[in-house]
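*Asks:* Here's my sequence, what's the structure:
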Amino acid sequence: DGTFNNLQISWDNFEVYNGILSGIETTNPVLYVDPINGFDTSDGGALTPLRNLFVATAWAKRGGTVVLYSGTHNPTEITGKNLTVMGANGSSAVITTAHVQDTTGSNWEHSCLTFEDCQGLVHNVILANAREAILTEDVHNFEVFKCQIYDATTGIKFTVYNKDCKIIGNTFHDTNAAVD
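*Replies:* Coordinates of the predicted model:
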């Protein structure tokens, strides 16, 4: 539990109470996430990173960037917000569903990243242990670039309406279908 911009947040298997961060955006164009040394009560700066990817993507400015430092990150969903999610230079940022016990009804137990009704760029991250490493619905101008995908039924799954999507320079390991 912690106080974040005068809002109380509580975590219970990733269930977020009190509508935390709903409709709230930072003015910072870039937020940083460090799953080991970060704090979700910080400002998300390069030297004061957040801890959870979910908090960063929820709080990120529309059109902003979330930079992941090395470590294991839990999954997140991005809805209605154009956003870049990328690993820091030289980092080994892993997003995995391996340890998630979701009680919210989201896709977190199945997909590392879910993008809905938005534009996005995913760059230089490792995605692992998922039914779909990346799940998209109604995305446009969406790009997955130089990512590594491990142990997924489907690496990147496009559902419903998707337009102008690019998949460039990614590697797929122990994945049944790279793209569906």
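*Asks:* can you tell me which residues contact the most centrally placed residue in the chain?
*Replies:* Geometric centre of the chain, nearest residue: Thr76, 4.3 Å, by Cα atoms, centre = their mean. Taking Cβ atoms under 8 Å, 6 or more residues apart in numbering, we find Thr76 in contact with 53-54, 56-58, 95, 108, 113-114. (Glycine included, C-beta is placed from N, CA and C.)
*Asks:* Let's have the residues you listed in TSV, adding pLDDT.
*Replies:* Output for the contacts of Thr76, formatted as TSV (pLDDT from 0 to 100):
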residue	pLDDT
Leu53	91
Phe54	87
Ala56	92
Thr57	91
Ala58	87
Ile95	95
Trp108	57
Leu113	93
Thr114	91
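*Asks:* out of those residues, who has the most neighbours?
*Replies:* When the contacts of Thr76 are compared by neighbour count (other Cβ atoms under 10 Å), Ala56 ends up highest, at 29 neighbours.
*Asks:* Which ones among the contacts of Thr76 lie within helices?
*Replies:* 53-54, 56-58 (DSSP state H).
*Asks:* which of those lies closest to Gly45?
*Replies:* Ala56 (11.7 Å; Cβ to Cβ).
*Asks:* what residues are up against the closest one?
*Replies:* By Cβ under 8 Å, 6+ apart, the neighbours of Ala56 are 31-33, 44, 50, 66, 76.
*Asks:* Also Val67?
*Replies:* 30-33, 46, 86-88.
*Asks:* still on that earlier bit, please report phi then psi for the residue nearest to the centre of the chain.
*Replies:* phi -150, psi 160 (degrees, to the nearest 10).
*Asks:* Equivalent analysis for Asn52, please.
*Replies:* Torsion angles, degrees, to the nearest 10, at Asn52: phi -110, psi 130.
*Asks:* Understood, closing this out.
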